[in-house]
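> Structure for the following, please:
(one chain, ligands or ions: 2)
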Amino acid sequence: MTVSTAKLPVIDLSSPDRLSTANSIRQACVDYGFFYLANHGVEEELIEMAFEESRKFFSLPLDEKMKLPRKEHRGYSPLYAENLDPDSSSKGDSKEAFYVGPVRGSGNKAELNQWPSPGNFRSSSFMEVDNGVLSWKGHVSHDIVNQFRMNIFMLARVCSFGLEGVSSLPAADYCLRSAARRLISLIALALKLDEDYFVKVGALDDPEGFLRLLHYPGELGSSDEEPIYGASAHSDYGMTTLLLTDGVAGLQACPSYRALPDSRFVGRSGDNLGSGKMYHRYMGEFTIAKRICASVLCFIVNIGDMMERWTNCLFRSTLHRVMPTGQERYSMAFFMDPNPDCIVECLESCCSESCPPRFPAIRSGDYFTERFRLTYD
Ligand SMILES: O=C(O)CCC(=O)C(=O)O
Ligand SMILES: [Fe+2]
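Ligands and ions are numbered 1, 2, ... in the order given. Alright, predicted model coming up:
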């Protein structure tokens, strides 16, 4: 373990001492906006299988992947299509991604997900899991009518989104989404709120949690070119992100960043959200940042902008990025976002006369629309 890793706190999600866990979370969110989450209940085998599916998916020929272009934040996004920080590099991020949105509970939205069709896979290595029978830990096995549905299940269940026609979901209580919900109740306690506060304000209604599979080819730019980032500097937009990586280094966070008071209200041009996220414009150099060494067994958790706004910047939506190391890298990020209709406004406990709310109340969906526009347009 490196020194920098040791400094990032490890939170034990299974600890029976919820108050002490909540206090540790509070400290981690105030100091870093990042922490490791251990004993989250998601089985190693499930994580490994999801990584395996992800590797197979990204190894499909580009024209197959391009049959599933990203729409409504679901589907495939090729190399350089996204630029999280257009001011630091014009080329776009050296990563490809596949997005999965909620499959169940969102009306027609479930259908917006794009899935590789059986035809896409016939010539690939992505298929053939036990001849159409999916087994999980010996508890369950389902005949899944075709490879298409099986592949949906394989990927979707990592976020516990249901699959019509599949009667039981063994992983449902031990999936990313359930871990995120348990964590969010601890975050509420950490903020001295009722543990179901975020449920009560509708943040977790039919949540718009998204899973993003990521593949970084690891290419290094030549020194006379603009820098190439795997993911350029950004903060995440939602409540909290649960990140899994294959252990290859590259993720860097910048917990030392403190917003200059005025910059909080000055966004990049066209950004009318007061997000003030153009850090390096105000800081000069983007200074690093600790290297985060990830164990595949621990999630890396970070706080997103919505939580930062709720807490009036007490909890930090920390700037982070992925640097290419020359080594290929896979990760999976589960973004727990508030329901789009949830109004996010400064918590009473986080403001006072001398510390007024820094951000106006905002509908979560409006915030996301604007941030996506800035990333993709
Ligand atoms: O791949 C990683 O380690 C980080 C990804 C990330 O920050 C993101 O997708 O928002
Ligand atoms: Fe991120």
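> Could you measure from the closest residue to Glu72 other than its chain neighbours over to ligand 1?
Among residues not flanking Glu72 along the chain, Leu112 sits closest, at 4.5 Å (Cβ to Cβ, 6 or more residues apart in numbering). All C-beta atoms are positioned from the backbone trio N, CA, C, and that covers glycine. Look at Leu112 and ligand 1: by Cβ to the nearest ligand atom, to the nearest Å, they are 20 Å apart.
> what's near enough to touch Leu112?
Lys71, Glu72, Arg74, Gly101 (Cβ atoms under 8 Å, 6 or more residues apart in numbering).
> go on, Arg18?
Counting by Cβ under 8 Å, 6+ apart, Arg18 makes contact with Leu186, Leu189, Glu195.
> same thing but 7 Å
Counting by Cβ atoms under 7 Å, 6 or more residues apart in numbering, Arg18 makes contact with Leu186, Leu189.
> Counting neighbours, what do you get for Arg373?
Using other Cβ atoms under 10 Å, the number of residues around Arg373 comes to 11.
> Wait, a strand at it?
No - read with DSSP: H, G, I helix; E, B strand; the rest coil, Arg373 is helix and lies in no strand.
> any idea how far it is from ligand 1?
Between Arg373 and ligand 1 the computed distance is 17 Å (Cβ to the nearest ligand atom).
> same question, Ser77
Plainly put, Ser77 is 11 Å away from ligand 1 if you go by Cβ to the nearest ligand atom.
> Now which of the contacts of Leu112 would you call buried?
Neighbour-count burial (16 or more other Cβ atoms under 10 Å) applied to those gives Arg74, Gly101.
> where does the residue in the stretch 151-300 of the chain that ligand 1 sits nearest to land on pLDDT?
Closest residue of the stretch 151-300 of the chain to ligand 1, Cβ to the nearest ligand atom: Leu251 (4.0 Å). On pLDDT, Leu251 comes in at 85.
> residues near it, how many?
Leu251 has 24 neighbouring residues, counting by other Cβ under 10 Å.
> you'd agree it is up against Pro324?
No - contact criterion Cβ atoms under 7 Å: Leu251 and Pro324 do not qualify, at 11.5 Å.
> hmm, back to that, strands - which of the contacts of Leu112 land there?
Judged by DSSP state E, the subset of the contacts of Leu112 located in strands is empty.
> so which of the contacts of Leu112 comes closest to Ala50?
Using Cβ to Cβ, Gly101 is the member of the contacts of Leu112 that lies nearest Ala50, at 16.1 Å.
> where's that closest one relative to ligand 1, distance?
Between Gly101 and ligand 1 the computed distance is 15 Å (Cβ to the nearest ligand atom).
> How much space separates the nearest residue to that residue once chain neighbours are set aside from Leu243?
Excluding its sequence neighbours, the residue lying closest to Gly101 (Cβ to Cβ, 6+ apart) is Arg74, at 4.8 Å. Separation of Arg74 from Leu243 (Cβ to Cβ, to the nearest Å): 19 Å.
> leaving aside the residues next to it on the chain, what's closest to the closest residue to ligand 1 within the stretch 201-350 of the chain?
Closest contact between the stretch 201-350 of the chain and ligand 1, by Cβ to the nearest ligand atom, is at Ser331 (3.5 Å). Residue nearest to Ser331 in three dimensions, not counting chain neighbours: Thr245, with 4.2 Å by Cβ to Cβ, 6+ apart.
> and stretch 328-340, which residues are buried?
Judged by neighbour count (16+ other Cβ under 10 Å), stretch 328-340 contains these buried residues: Arg329, Tyr330, Ser331, Met332, Ala333, Phe334, Phe335, Met336, Asp337, Pro338, Asn339, Pro340.
> Also stretch 80-98?
Buried-residue list, stretch 80-98, by 16+ other Cβ under 10 Å: 81-85, 88-89, 91-98.
> who in the chain is up against ligand 1?
Counting by Cβ under 6 Å from any ligand atom, the positions of the chain adjacent to ligand 1 are Arg212, Leu214, Ala231, Asp236, Leu243, Thr245, Leu251, His320, Val322, Ser331, Ala333.
> So for the last one, what pLDDT did the model give?
Read it as Ala333. On the pLDDT scale, Ala333 is placed at 92.
> by contact count, what packs against the host helix or strand of it?
Following DSSP states H and E, the helix or strand that holds Ala333 is strand 329-336. Under the contact definition 3 or more Cβ pairs under 7 Å, 6 or more residues apart in numbering; DSSP states H and E, strand 329-336 sits against helix 44-58, helix 176-190, strand 210-216, strand 240-245.
> strands paired with the last one, and their directions?
The one in question is strand 240-245. Strand pairing for strand 240-245, determined by DSSP bridges: strand 299-303 (antiparallel), strand 329-336 (antiparallel).
> which residues are in contact with that strand?
Contact with strand 240-245 is made by 37, 47, 176, 179-180, 183-184, 187, 251, 294, 296, 299-304, 307, 331-336, as judged by Cβ under 7 Å, 6+ apart.
> C-alpha coordinates for that strand, PDB please?
Output in PDB follows, covering the C-alpha atoms of strand 240-245 (Å, rounded to 0.1, in the frame of the first residue of the first chain):
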ATOM      1  CA  THR A 240     -22.400   9.700  -5.000                       C
ATOM      2  CA  THR A 241     -20.400   7.500  -7.400                       C
ATOM      3  CA  LEU A 242     -19.300   3.900  -6.700                       C
ATOM      4  CA  LEU A 243     -16.300   3.000  -8.800                       C
ATOM      5  CA  LEU A 244     -14.700  -0.300  -9.500                       C
ATOM      6  CA  THR A 245     -11.500  -0.600 -11.300                       C
END
